[in-house]
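Trainee: The following comprises the amino acid sequence and a computationally predicted model.
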Number of protein chains: 4
Amino acid sequence: MDRKTTINELKEKIKKFCEDRDWNQFHGGKNLATALIIEAAELLEHFRWKSEREANKLFENVKKKEEIEDEIADIFYFLLRLAQRYDIDLSEVLERKLKKNVKRYPVKKARGTNKKYTELR
Amino acid sequence: MDRKTTINELKEKIKKFCEDRDWNQFHGGKNLATALIIEAAELLEHFRWKSEREANKLFENVKKKEEIEDEIADIFYFLLRLAQRYDIDLSEVLERKLKKNVKRYPVKKARGTNKKYTELR
Amino acid sequence: MDRKTTINELKEKIKKFCEDRDWNQFHGGKNLATALIIEAAELLEHFRWKSEREANKLFENVKKKEEIEDEIADIFYFLLRLAQRYDIDLSEVLERKLKKNVKRYPVKKARGTNKKYTELR
Amino acid sequence: MDRKTTINELKEKIKKFCEDRDWNQFHGGKNLATALIIEAAELLEHFRWKSEREANKLFENVKKKEEIEDEIADIFYFLLRLAQRYDIDLSEVLERKLKKNVKRYPVKKARGTNKKYTELR
């Protein structure tokens, strides 16, 4: 579905879901950011104490993968909702950030290193 | 741009950005989930100590809004990268989760309340 | 018990608990910091969608308060474990940080405001 | 200092610091839990993209260790403040939680494994 689905279609779907339930009153920026970080922690919880190798193996287990996908969906849901509520064009802000990062992480210097841009020379 | 941009287009853009820099070696599931939660905290940081009202006012300030958008872009970037790395169809998992939530939060019971589905009667 | 208990006594208790289970192999700095943030999110989860007023009322409910205390205990556990593993004197680093904050937040300027020190004038 | 310092002494110090600045109005449970998770993310940030081995090496670098300690101090500060504000005896709740965990993680079963108690048999 990702091949055909636009961001806007997803935003509209979520808008309807939330407004049908009269949730605008709870869905302010701070509350949505709070919900988002809680879901991000639930995603991370799947990898707790695991090595990177063990963590990556979880994606090969159908049941585990579905659980992880559910957390990812929750994060995406709050991200879309936040963007929809405050008129943020996700594709545009991503594009803008990528442009910044192209400068911060020039291929020549950033290639194969895990350093932060402030530490690259 | 959100009206025309598909999820897949964004995934492809990010894949290229990361592979040009040979970052697959760092971008395992656990590391990406870790990066994501760090960015979620940077978003939340903008609202620290603020009331919901004060928090929402930040979106009216052009400079502040742009800073917030940058954090949202970072979260989106890691979410797309995670999905791209592990063949997760974001539209599909979101759709699946929404279906679950339609059952968990039937309009009649969930309308206007901030209760968790486990507490709804 | 907080009146009589020293930080070191708690560190020793936790060291024993973990070493009895041969957990040093999992308890590196990154993993412990990861566990800590997951527990911090579980604490925050109790306050999700709540106003500050509603959040504060939870402490008056005996059962809810105990649940919150359990999350606080989990955070404290990982904080003590991290300090114990890497020879960090918590009282000392707290004292050092408070001294910094006394300068960053002089009473005259910081009184009654929720601004960050970088925004105080 | 951890050998001699009681939890209560630290709570009192922080209480004074905050009340001198008239910060009770901002320091409700939800706001403090929010601040705590933001600091937990700043700690985790030091380990971003690092392997456990690289992460542990940071503690051997004096400057890096001090930066990490500063984040740990921030977490501890908010934890103590939360406990002080809501009359939570940290030693007591930790003790209670350890007792639960002794049952959840019996030495025989939990030794040398990174499984969650719900997965131990």
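Mentor: Arrived safely.
Trainee: Residue A:4 should be in a helix, yeah?
Mentor: No: the assignment for residue A:4, made by DSSP: H, G, I helix; E, B strand; the rest coil, is coil rather than a helix.
Trainee: Surely it is in contact with residue B:7?
Mentor: No: counting by C-beta atoms under 8 Å, residue A:4 does not reach residue B:7; the two are 9.0 Å apart. Placement of C-beta: from N, CA and C, glycine included.
Trainee: Check the average confidence over the helix or strand hosting residue A:30, would you?
Mentor: Using DSSP states H and E, residue A:30 maps to helix A:29-45. For helix A:29-45, the mean per-residue pLDDT is 98.
Trainee: swap in stretch A:83-95?
Mentor: For stretch A:83-95, mean pLDDT rounds to 98.
Trainee: Skipping adjacent residues, who's closest to whichever residue of chain A sits closest to chain C in space?
Mentor: Proximity to chain C, evaluated over chain A using C-beta to the nearest C-beta, is greatest for residue A:41 at 3.2 Å. Nearest residue to residue A:41, sequence neighbours excluded (C-beta to C-beta, 6 or more residues apart in numbering or on different chains): residue C:41, at 3.2 Å.
Trainee: Could you check how far that neighbour is from residue B:118?
Mentor: For residue C:41, the distance to residue B:118 equals 17 Å [C-beta to C-beta, to the nearest Å].
Trainee: and what of residue A:16?
Mentor: Distance of residue A:16 to residue B:118, computed by C-beta to C-beta: 24 Å.
Trainee: longest helix in chain A, by residue count?
Mentor: Ranked by residue count under DSSP state H, the longest helix found in chain A is helix A:62-85.
Trainee: check whether that one contacts chain C.
Mentor: No: shown here: helix A:62-85 not in contact with chain C (C-beta under 8 Å from any C-beta of the partner chain), separated by at least 11.0 Å.
Trainee: Enumerate the residues of chain A near chain C.
Mentor: A:26, A:31, A:34-35, A:37-38, A:40-42, A:44-45, A:47-49.
Trainee: export the residues you listed to JSON lines and tack on neighbour count?
Mentor: Output for the residues of chain A next to chain C, formatted as JSON lines (neighbours: other C-beta atoms under 10 Å in any protein chain shown):
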{"residue": "A:26", "neighbour count": "19"}
{"residue": "A:31", "neighbour count": "24"}
{"residue": "A:34", "neighbour count": "27"}
{"residue": "A:35", "neighbour count": "23"}
{"residue": "A:37", "neighbour count": "28"}
{"residue": "A:38", "neighbour count": "23"}
{"residue": "A:40", "neighbour count": "31"}
{"residue": "A:41", "neighbour count": "26"}
{"residue": "A:42", "neighbour count": "21"}
{"residue": "A:44", "neighbour count": "24"}
{"residue": "A:45", "neighbour count": "19"}
{"residue": "A:47", "neighbour count": "24"}
{"residue": "A:48", "neighbour count": "16"}
{"residue": "A:49", "neighbour count": "18"}
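Trainee: Show me which pair in those residues is furthest apart.
Mentor: A:26 and A:49 (33.7 Å; C-beta to C-beta).
Trainee: Identify the residues contacting stretch A:102-117?
Mentor: A:101, A:120-121, B:17, B:20-23, B:25-26, D:48-50 (C-beta atoms under 8 Å, 6 or more residues apart in numbering or on different chains).
Trainee: Just the buried positions in it, please.
Mentor: Applying a neighbour-count criterion of 16 or more other C-beta atoms under 10 Å in any protein chain shown, one finds A:105, A:110, A:114 buried in stretch A:102-117.
Trainee: Span of it from start to end?
Mentor: Its start and end residues considered, stretch A:102-117 measures 10 Å (C-alpha to C-alpha, to the nearest Å).
Trainee: ends of stretch A:49-65, how far apart?
Mentor: This stretch, stretch A:49-65, spans 17 Å end to end (C-alpha to C-alpha).
Trainee: Mind listing residues that contact that stretch?
Mentor: If you take C-beta under 8 Å, 6+ apart as the criterion, stretch A:49-65 is touched by A:46-47, A:68, B:28-31, B:86, C:26, C:31, C:35, D:51-52, D:114.
Trainee: Equivalent analysis for stretch A:79-97, please.
Mentor: Under the criterion C-beta under 8 Å, 6+ apart, residues A:7, A:10-12, A:14-15, A:18, A:24, A:27, A:29, A:32-33, A:36, B:1-2, B:5, B:10, B:59, B:65, B:69-70, B:72-77, B:79-80, B:94 lie in contact with stretch A:79-97.
Trainee: so what's residue A:25 up against?
Mentor: Neighbouring residues of residue A:25 by C-beta under 8 Å, 6+ apart: residue B:112.
Trainee: 7 Å - rerun?
Mentor: Listed by C-beta atoms under 7 Å, 6 or more residues apart in numbering or on different chains, the contact set of residue A:25 is empty.
Trainee: same deal with residue A:74?
Mentor: Neighbour list for residue A:74: A:39, B:97 [criterion: C-beta under 7 Å, 6+ apart].
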